[in-house]
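1. Have a look at this prediction, sequence included:
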Amino acid sequence: MIEIRGVDNDSYIVCDACREEITNVRNALAIFRNFMNDGEKSKVLHVHKNNVKGDCTKKAEDYIRSKDWESGSMELGEHLANLIHNIGMSPEDIKQILTYSRKL
């Protein structure tokens, strides 16, 4: 889940299993329903990898399977890069936004 924290209004990704912040993109995955038909949609669960924080990945996969779906996953960094690309943000856009917001 993506949340905005009061006080500094920064956005954070919170693990959908343990509810703690994900602080290192390399230690997390995006879990989703795999093998969908054209036009179907799936929510994405953001979770810690099992070897990092308990069994967060397993809990997310179990949730997907409880719906009689097959779970899929990708590295969180890949998932976020795909999102950024699909909404048309360039590296220059990101740099400009972060530079501006850090000055406030």
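-> Ah, there it is.

2. can you pull out the helices in the protein?
-> Secondary structure of the chain (DSSP state H): helices at 56-66, 76-86, 91-103.

3. These: which one's closest to residue 27?
-> Residue 27 lies closest to helix 76-86 among those, at 8.2 Å (Cβ to Cβ). C-beta here means a position set from N, CA and C on the backbone, and glycine is covered the same way.

4. Which residues belonging to the closest one are considered buried?
-> Within helix 76-86, the residues that count as buried by 16 or more other Cβ atoms under 10 Å are 76, 79-80.

5. Just put those residues in a markdown table and tack on distance to residue 41 and pLDDT.
-> Converted to a markdown table, the buried residues of helix 76-86 look like this (distance: Cβ to Cβ, whole Å; pLDDT from 0 to 100):
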| residue | distance to residue 41 | pLDDT |
| --- | --- | --- |
| 76 | 19 | 96 |
| 79 | 15 | 95 |
| 80 | 18 | 93 |
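
6. thinking again about what came up before, among the helices of the chain, which comes closest to residue 12?
-> Here helix 76-86 is closest among those (Cβ to Cβ), at 12.7 Å.

7. Run the angle between the closest one and helix 91-103 for me.
-> Compare the direction of helix 76-86 with that of helix 91-103 by axes from the mean of the first three to the mean of the last three Cα atoms, to 10 degrees and you get 110 degrees.

8. Low-confidence ranges, this structure, go.
-> Across the chain, the ranges flagged by pLDDT under 70 are 1, 5-9, 101-104.

9. Which residue lies nearest the spatial centre of it?
-> By Cα atoms, centre = their mean, the chain has its centre lying nearest to residue 46, at 4.0 Å.

10. ok, the buried residues of helix 76-86 vs residue 69, which is closest?
-> Lowest distance from residue 69 to the buried residues of helix 76-86 (Cβ to Cβ) belongs to residue 79, with 17.7 Å.

11. so who does the closest one touch?
-> Residue 79 makes contact with 30, 44, 46 under the criterion Cβ atoms under 8 Å, 6 or more residues apart in numbering.

12. how about 6 Å then?
-> residue 30 (Cβ atoms under 6 Å, 6 or more residues apart in numbering).
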